[in-house]
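> Next comes the sequence, and after it the predicted model I'd like to discuss.
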Amino acid sequence: MPGMPSPVKYPDPSPPMHEGAGRLPWLVLAFAVLTGALLAIALWVLRAEALRAGEARASALSQVIVEQTSRTLQSVDARLQLAAAQLDAAAAAGELDEPTARRLLQAQLSELPFVRGIWVVDPQGRIAFDSATGSLGVMLADREYFQMHQARPDLGLYVGPPVRSRSTGRWQLTLSRPLRGGADRPHGIIAAAVEPPYFEQLWSRVDAGANGIVALYNRGGRLMMRSPADEKLLGRDLSRIPLFTEHLPRAAEGRFVVTSVLDKMERVISYRTVPTHPDLVVVVGVGYAEMLAPWRRFTLLAGVFWAGAMLIAAGLTLQLQRQGRIRRSSERRFRELAQAMPQIVFAATAQGAVQFISQRWVEVTGTSVEDARWAPAGRSACTRKTARERWSTSSGCCNRAWNCSTRSGCATPTTATAGSCCAPCRSATRAARSPPGTAPPRTSMR
């Protein structure tokens with residue numbers, strides 16, 4: 001309304017109580033970034049360890065397969081040499097005929113349960129003797145093992161590629177060596193047939209994983225055996241795969257990661273040549289995804305826990321901010337109410353430190369709010385004396401020293417100067433000595 005004074009707006013005399021509230025979200029964000037980075041580094045290190053462990057496992061499996069394969073080939077070769085020596089002895093004694101040869105070959109065959117048959121091929125390529133019946137005279141001059149021994153008379157044990165038997169129709173791996181009988185050139189070839197299921201049964205004891213493979217190649221890139229078995233792949237020429245074009249020419253053994261051209265599966269490959277038969281290469285492949293499966297499960301679990309912890313931290317931060325806003329709003333309402341009251345209103349901690357005092361203090365005492373913030377032990381009478389002196393001076397009355405009686409916090413008690421003061425000063429004295437928040441007594445000015 002016209003003529004009415006506008007309300008006075010007092011500055012907020014209380015110190016800020018929530019200076020760190022605005023920094024809390026940034027602190028939580030920095031903590032999330034830091035812990036996330038540390039977690040990512042730790043997971044990357046664990047991934048590298050998982051790959052190294054998988055590669056070491058593949059290498060160990062390839063060593064086991066090489067030893068098993070080498071022992072199998074050596075046992076067959078030993079029986080072939082023994083059978084060849086017995087046949088040569090029978091021929092020298094003039095006792096070698098078809099029944100005698102069959103009996104000698106069957107005796108050696110009984111010691112090799114994984115060998116299907118043993119036979120002898122004459123220099124023209126026909127079967128001369130056989131552990132089984134019904135195949136004498138069958139022409140085998142087109143077989144690779146026969147041609148290899150003809151081309152290389154000094155060749156010892158030769159492991160030929162898988163072929164289908166002309167008598168049984170099943171796949172077989174042929175191991176052969178020449179019959180010399182003391183002559184420079186061989187007068188025949190003795191051979192044995194090993195069926196692939198034996199190697200598959202032997203290799204199945206080695207756990208290469210659900211997506212693992214075990215394979216036997218020759219140096220020319222021909223697939224000799226494979227587990228799990230796939231007859232459509234046996235004998236296939238794979239000389240253009242990275243094993244033969246890149247890795248095997250550089251080292252006789254090694255490891256690498258490759259996607260198979262046969263089943264499109266990514267694997268860690270460990271390969272080794274067979275020491276007793278350098279023309280053969282054993283390959284063990286372990287599924288790359290399977291190798292990292294435990295690490296991925298751990299990563300998922302760790303990520304879920306980290307995300308859950310960050311969500312909880314974010315929720316708590318939001319709740320603290322909400323509580324802070326509510327508290328600050330309550331404090332603002334308290335200050336507005338305190339400033340509107342005619343009494344002096346103040347708030348202090350349990351130790352006595354003043355946190356808030358209303359503007360009424362300035363109106364009554366004539367001193368600033370800062371002068372009212374005494375120390376916890378202070379409520380100092382010396383401070384009160386200074387305030388009274390200022391009030392007395394501002395009132396225009398006599399400027400005399402006020403009694404600063406002994407109180408806690410005073411360094412030295414003093415006494416008032418002798419003499420009397422005018423009536424307004426005496427009234428001011430009583431007002432200054434009255435408790436805070438009470439109105440000073442009225443003084444008659446007659």
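Thanks, I have it.

> surely G156 meets R180?
No. Checked against CB atoms under 8 Å, the pair G156 and R180 is beyond contact range at 10.6 Å. Just so you know, the C-beta spots here come from the backbone N, C-alpha and C atoms, and that holds for glycine as well.

> Contacts only, for W119.
Contacts for W119 (CB atoms under 8 Å, 6 or more residues apart in numbering) come out as L105, I127, F129, D130, S131, A132, S135, I190, A191.

> Over to A101?
Neighbours of A101 in contact, by CB under 8 Å, 6+ apart: L87, A90, V120, A128, F129.

> Run the chain-centre distance for the helix or strand hosting W44.
Element membership of W44, judged by DSSP states H and E, is helix 24-92. Distance of helix 24-92 from its chain centroid, counting by CA atoms, centre = their mean, to the nearest Å, is 21 Å.

> before we move on, what about stretch 228-236?
37 Å.

> Check the spacing between F256 and I241 real quick.
To I241, F256 is 11 Å away according to CB to CB, to the nearest Å.

> actually A252, not the one I wrote
17 Å.

> Tell me which of those two has more neighbours.
I241 (18 against 13; other CB atoms under 10 Å).

> is it true that the more buried one touches L223?
No. At 10.0 Å, I241 and L223 do not qualify as touching, with contact defined as CB under 8 Å.

> What's the local residue count around S204?
13.

> hey, which strand is longest across the chain?
If each strand of the chain is counted by residues according to DSSP state E, the longest one is strand 277-287.

> Any buried residues in that one, and which?
For strand 277-287, the neighbour count (16 or more other CB atoms under 10 Å) marks H277, L280, V281, V282, V283, V284, G285, V286, G287 as buried.

> same check, this time on stretch 253-272
Applying 16+ other CB under 10 Å to stretch 253-272 flags E253, G254, R255, V258, M265, R267, V268, I269, S270, Y271, R272 as buried.

> What about those residues, which are in strands?
Taking DSSP E, the ones among the buried residues of stretch 253-272 that sit in strands are E253, G254, R255, V258, R267, V268, I269, S270, Y271, R272.

> And for M148, the neighbour number?
Using other CB under 10 Å, M148 is surrounded by 14 other residues.

> and it, what does it touch?
M148 is in contact with L155, Y158, G160, counting by CB under 8 Å, 6+ apart.

> you'd agree it is in a helix?
Yes. Per DSSP: H, G, I helix; E, B strand; the rest coil, M148 lies within a helix segment.

> gap between it and G220?
Going from M148 to G220 by CB to CB gives 12 Å.

> Please apply the same query to A91.
A91 sits 35 Å away from G220 when distances are taken as CB to CB.

> Look at these two and report which has more neighbours.
Higher neighbour count among A91 and G220: A91, with 16 against 11, using other CB under 10 Å.

> now the more buried one: how far from L155?
Distance of A91 to L155, computed by CB to CB: 22 Å.

> same question, N218
Computed as CB to CB, the N218 to L155 distance reads 14 Å.

> Equivalent analysis for T299, please.
Distance, T299 to L155, by CB to CB: 54 Å.

> who's more crowded, these two?
When T299 and L155 are compared for neighbours, T299 comes out ahead with 18 against 15, by other CB under 10 Å.

> Which secondary structure element of this structure has the lowest mean pLDDT?
helix 381-395 (a mean of 45; mean pLDDT, DSSP states H and E).

> name the element A251 belongs to?
Here A251 sits in a region with no helix or strand, counting by DSSP H and E.

> Which pLDDT value goes with it?
For A251, the pLDDT comes out at 91.

> ok, how many other residues are close to it?
With other CB under 10 Å as criterion, A251 counts 11.

> again with L301
By other CB under 10 Å, the residues close to L301 number 10.

> try the one 5 residues further on
Neighbourhood size, W306 [other CB under 10 Å]: 16.
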